[in-house]
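> no FASTA, just this:
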Ligand SMILES: Nc1ncnc2c1ncn2[C@@H]1O[C@H](COP(=O)(O)OP(=O)(O)OP(=O)(O)O)[C@@H](O)[C@H]1O
């Protein structure tokens, strides 16, 4: 019954729009409008099927109806000022009128909408081919007139219901301690920032470089936890909880992506790791495809992302992949740090338009933005203007200019509002009229006055703006944000649940990360450079020790030298490749762990084992060449044991590299430490020096070169001599045990270091 009532309300709220669409039939295709009317009529006749039919009428063909209605509103004379009103009327279930929020009615409407109790969500039901027909975000889609009018010809971003989250923050402060050589100083990054943003809204954080936008975004997104953070940040009136990690999408300023994965692989792996367990593998893969089509990435879906050394997709496409990575989970809140930086104005407009669409689907969107064009500026619902970490304005973006006018600051020439606001925030008042109160603050005789041609200095302007905001707006806005918003208790409880939500089981996480690792690094392993390096070393060794024999002690000593070199070569190589593993992936690991994409143990095991199959192919090739060219013991068992010994050495050495990399997380320091360690292990390896002083002899037992060398001697010579070059040949069990202990011990150390890094 409730559904029926809300359904009728919905139909009636849409009726004026539908009739407008019909009246302006020349703006949309006849067929589409006919379909629309038929579907609505059918929906009215059949309440049972109404949800779906109305939905499909307004959403399925909705791309056109919406577009048409936008055109109508923008084309209708005398309606210019009502554009936003009509947009809001249309998406009444999603969009919340800020003023209404104080009564709480709008949020409950938005929350019920987001929970699927209304009609506007269709879920990701459209098959990709149909979505492709609508061409939602292709570069070819935007027709020039539409760009001019700031209108995009696409369907809205559509997802299944999500938990609506209202974000409030009050008096947020943040300071950092800067440690100098002799003393430490505290630096205030944010000084008492308050504001709020609700489902259905886009909040833009604007301000000059260094004003604190990224810091505020990170705090709001739960990305910084620091004892020096003050004030309160709440999500649906509750503080940050682990559950929120899976409900928050966070697009960082730098694009953190794997360069060798294609767009499709990137999004598919993200979907498989992040979407809830309730989705099947096929559904997750379909979601990835849907996002590809939604973001207009279909033409580059099989192109590698690329990076500094690999040519890949364009900057705009890469940014869209980053956004796709986050919207794939259908987040309740989406945070974006400078999503349009470095993009041309058309691409930037497309991205901001998409954010607006996402917000209209009931999500909360917060984005920092550097210098938006006026077209972009008008797409934001709310605005925070920061200057040197202080709040200069918070409120509706559309009212920002009026506010500054009301405190006596207005542009003297026509300018983009964003440019004007940034000038003010920078304290630059050229081409800006300022109130006499501000001019009176210029003190004659002050050295600053000369410098700024008798105008107030940037510091004075900043002070005036902060005071003006405090006295005119701050209290009213704070009161508004203090108003409690009624929300379903079950939802509240869910959003504040301390429980984490993993998208995949541990086994699945391991398997996905394992295959992702292999795909990402396949190019490294099968690079001809690496293969040539190993094979050429093998051939040179084979030629130098060509058909060596062991008939007399001198020949035996010579051949033992080859065995020692093999032990050193396969100890050195893996350390220096493994060292890069974690420092190189640090940004990705931080990003993915912050989003709770997987357990650290699954990542660690997958990352350290996915290299193994490929790492073990090269030594086999190497030994096939060296073993037979150098004429080592020709029999199946010794050959097999030689390979096994080298494998063990490689895995132990890799462990050391992983531990050093994970502990230091800095390539320069890690390579320095590794070169000293590897050299020490080599010198203590038993070939160069036999009579090691007793107080330092323990170092041998830590050297994988020493154990590998001893095992290789045993495999080759145990049948005819008990000692070679002063090294005693024994059962080999101690060496095997020592190497196995290193394989696990070093890895355990690396794992602990990664855990510690997370705690930091
Ligand atoms: N951990 C930190 N240690 C020292 N200084 C910091 C730290 N975090 C932020 N800052 C400083 O705080 C100020 C605000 O930084 P933030 O990155 O938030 O600015 P922003 O407005 O996002 O700048 P941009 O637009 O250039 O990205 C800067 O001066 C920055 O150097």
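On my side now, so go ahead. Values in this document were obtained by computation on a predicted structure and should not be read as measured data. Residues are numbered from 1 along each chain as shown.

> Close to the ligand: what parts of this structure are there?
Residues of the chain found near the ligand (Cβ under 6 Å from any ligand atom) are 176, 178, 187, 189, 207, 209-215, 370. Placement of C-beta: from N, CA and C, glycine included.

> Of these, which pair is most distant in space?
Farthest-apart pair in the residues of the chain next to the ligand is 178 and 370; separation 24.9 Å (Cβ to Cβ).

> neighbour-wise, which of the two wins?
The neighbour comparison of residue 178 against residue 370 (other Cβ atoms under 10 Å) goes to residue 370, with 15 against 10.

> how far away is residue 378 from residue 351?
15 Å (Cβ to Cβ, to the nearest Å).

> Residue 519: neighbour count?
Around residue 519 there are 16 residues (other Cβ under 10 Å).

> Can you check the pLDDT for it?
pLDDT recorded at residue 519 is 87.

> how's this protein carved up into domains?
Following automatic domain parsing, the chain resolves into domains at 1-90, 506-759.

> Most tightly packed of those domains?
For the domains of the chain, average neighbour numbers computed from mean count of other Cβ atoms under 10 Å are highest in domain 506-759, which has a mean of 18.

> so how far is that one off the chain centroid?
34 Å (Cα atoms, centre = their mean, to the nearest Å).

> In strands only, show me the residues of the chain next to the ligand.
176, 178, 187, 189 (DSSP state E).

> From these, which shows the smallest pLDDT?
On pLDDT alone, residue 178 ranks lowest of those, at 84.

> is it true that that one touches residue 187?
Yes: using Cβ atoms under 8 Å, residue 178 is in contact with residue 187, at 5.5 Å.

> so where do the strands sit in the protein?
Applying DSSP E to the chain gives strands spanning 167-179, 184-197, 202-206, 229-235, 248-251, 333-336, 364-368, 382-387, 390-396, 410-411, 432-433, 723-724, 727-728.

> Any chance of TSV for the ones you listed, columns distance to residue 422?
Below are those laid out as TSV (distance: least, Cβ to Cβ, whole Å):
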stretch	distance to residue 422
strand 167-179	22
strand 184-197	18
strand 202-206	7
strand 229-235	25
strand 248-251	22
strand 333-336	19
strand 364-368	13
strand 382-387	8
strand 390-396	10
strand 410-411	12
strand 432-433	11
strand 723-724	76
strand 727-728	73
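
> Nearest to residue 598, out of those strands?
strand 248-251 (16.2 Å).

> Tell me which strands that closest one pairs with, and in which orientation.
Strand pairing for strand 248-251, using DSSP bridges, gives strand 333-336 (parallel).

> residues in contact with the partner strand?
For strand 333-336, contacts defined as Cβ atoms under 8 Å, 6 or more residues apart in numbering pick out 165, 167, 217, 220-221, 235, 247-251, 323, 326-327, 355, 358, 363-368.

> 6 Å - rerun?
With contact meaning Cβ atoms under 6 Å, 6 or more residues apart in numbering, strand 333-336 is reached by 165, 217, 221, 248, 249, 250, 251, 363, 364, 365, 366, 367.

> ditto for stretch 163-183
Contacts for stretch 163-183 (Cβ under 6 Å, 6+ apart): 110-111, 114, 184-190, 192-199, 215, 228-236, 332-333, 362, 364, 481, 485, 491, 495.

> Could you tell me how far it lies from the centre of the chain?
21 Å.

> Give the buried residues for that stretch.
With burial defined by 16 or more other Cβ atoms under 10 Å, the residues of stretch 163-183 counted as buried are 163, 164, 165, 166, 167, 168, 169, 170, 172, 173, 174, 175.

> closest to the ligand among those?
Nearest to the ligand among those, counting by Cβ to the nearest ligand atom, is residue 174 at 8.2 Å.

> separation between the closest one and residue 642?
Distance from residue 174 to residue 642, counting by Cβ to Cβ: 59 Å.

> Also residue 366?
Per Cβ to Cβ, residue 366 is found 60 Å from residue 642.

> now swap in residue 329 and tell me
Distance of residue 329 to residue 642, given as Cβ to Cβ: 50 Å.

> what's the answer for residue 211, then?
64 Å.

> Any idea which residue of the stretch 501-650 of the chain lies closest to the ligand?
residue 590 (14.4 Å).

> Show me which of residue 378 and residue 351 is the more surrounded one.
Neighbour count, other Cβ under 10 Å: between residue 378 and residue 351, residue 351 has more, with 22 against 16.

> Residue 426: how many residues sit nearby?
17.

> Could you do the one 10 residues further on as well?
Applying the criterion other Cβ under 10 Å, we find 8 residues in the vicinity of residue 436.

> Quick one, grab the pLDDT at it.
The predicted local confidence for residue 436 is 73.

> what's the spacing between it and the ligand?
Relative to the ligand, residue 436 is positioned 31 Å away (Cβ to the nearest ligand atom, to the nearest Å).

> so what's that residue closest to, chain neighbours aside?
residue 408 (7.7 Å; Cβ to Cβ, 6 or more residues apart in numbering).

> That neighbour: how many residues sit nearby?
Residue 408 is flanked by 16 other residues according to other Cβ under 10 Å.
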